[in-house]
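> Predicted model, plus sequence, below.
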Amino acid sequence: MQISSPLRLELDKSALMANWQSLNRMTAGNCGAAIKANGYGLGAERVRHYLAQAGCRDFFVASWDEARLLDSSEKDFSLSVLHGLREEDLGYALTSSVKPVLCSPTMIARWKSYAPDRPCDVMVDTGMNRLGLSMEEAGSGLLDGLQIENLLSHLACADEIDHLLNQIQLDRFRILAARKQAKRYSLANSAGIFLDKAYHFDLARPGLALYGGLPVEKAEGVLKQVVGISAQAIQVREVEAGEGIGYGVCFTAPRKMRIAILHVGYADGYWRAFFEKGQAVKDGVVCPLAGRVSMDMITVALPDGLTAGEGDWFSVDFTLPSAAQQTGLSQYELLTGLGHRYQSVWQTV
């Protein structure tokens, strides 16, 4: 017998698809999608399915565990593993159509030994000092003999439009592209798409922007919100004036008031940092948080005249840009921190 969850992720299929289509137009039809971390917390399989419906054909995940969940009989798209190829991954990688993104000389040697005629991707570090070959290694002949589909690098500061490193990385990536060692070249992430078309090259790899996050201010009005949270009321009760609410009794009722205890907390990615800032909405009426966020519950104050009872649903504000500002967390952390207790409800109209 299936039990319904008191927590819902309200996910907008149309908004997700529209966001990819907007980014695809901006990049002249050369837009892929990062669907790592379980589709940024929204469910990678469904995200990939809807983005494929929108026209996306190039997908990127972080690990081979993630790839295994998506490597189905559908073969009209490309799937790449950003974290490369460990020795332990070979058994699966050699029987799959998924491509590794080779990040080191050791990985390249491993691929050349086992699958020299198979296509792969390659990551080159142009200034982030994270994953990737050095510029010197990339120009040393190390890549000779590889069947490189996509040569990638990653922008470190694209969300800061005037950062000097953006131009430095662009100049270095142009050197790589001029060598023509790969079929396609990919530099721009979500924020990079909004920098300038010079960063777009042959393939962009947005992540956050697909899911309604705003990587830069210029994205406002271009991207649509995809994610909403709804939670049921466990109990509705009255609190007398002067009584405290929640751990540490950090909120004191200024007068006799009604409160609703909702079934969501920091175990569900609704963080303690929302204290004194978060809010829920019922029937269009704003209900501010009253007291600290608990592991599994929040308490909201019910304005006079609002009808509410046990089992009623409340929308919990989780608009990414404002939630990031309220909590000091990045939009990435907010999305990928959503817990496993939600029932995902995709709005398909």
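On my side now, so go ahead. Numbers count the residues shown, from 1 in each chain.
> any idea which helix or strand comes after the helix or strand hosting Ala323?
In the assignment (DSSP states H and E), Ala323 maps to helix 320-327. Note on helix 320-327: by DSSP H and E, the next helix or strand toward the C-terminus is helix 331-336.
> In this structure Lys256 contacts Glu243, no?
No: using Cβ atoms under 8 Å, Lys256 makes no contact with Glu243, being 9.1 Å away. From N, CA and C alone the C-beta is placed, and that goes for glycine too.
> hang on, the earlier thing: packing partners of the helix holding Ala323?
If you count contacts as 3 or more Cβ pairs under 8 Å, 6 or more residues apart in numbering; DSSP states H and E, helix 320-327 packs onto helix 331-336.
> Tell me which helix or strand comes right after the helix it packs on.
Past helix 331-336, the next helix or strand by DSSP H and E is strand 343-347.
> Give the buried residues for that following strand.
Neighbour-count burial for strand 343-347 flags Trp346 (criterion: 16 or more other Cβ atoms under 10 Å).
> Also stretch 275-291?
So for stretch 275-291, counting by 16+ other Cβ under 10 Å, buried means 275, 278-280, 282, 287, 289-291.
> cool, and stretch 64-77?
64, 66-67, 70-71, 77.
> mind putting those in JSON lines, secondary structure, pLDDT and distance to Gly309 included?
Output for the buried residues of stretch 64-77, formatted as JSON lines (DSSP: H, G, I helix; E, B strand; the rest coil; pLDDT from 0 to 100; distance: Cβ to Cβ, whole Å):
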{"residue": "Trp64", "secondary structure": "helix", "pLDDT": "96", "distance to Gly309": "48"}
{"residue": "Glu66", "secondary structure": "helix", "pLDDT": "96", "distance to Gly309": "42"}
{"residue": "Ala67", "secondary structure": "helix", "pLDDT": "95", "distance to Gly309": "46"}
{"residue": "Leu70", "secondary structure": "helix", "pLDDT": "90", "distance to Gly309": "42"}
{"residue": "Asp71", "secondary structure": "coil", "pLDDT": "75", "distance to Gly309": "47"}
{"residue": "Phe77", "secondary structure": "coil", "pLDDT": "90", "distance to Gly309": "47"}
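> Many thanks, we can stop here.
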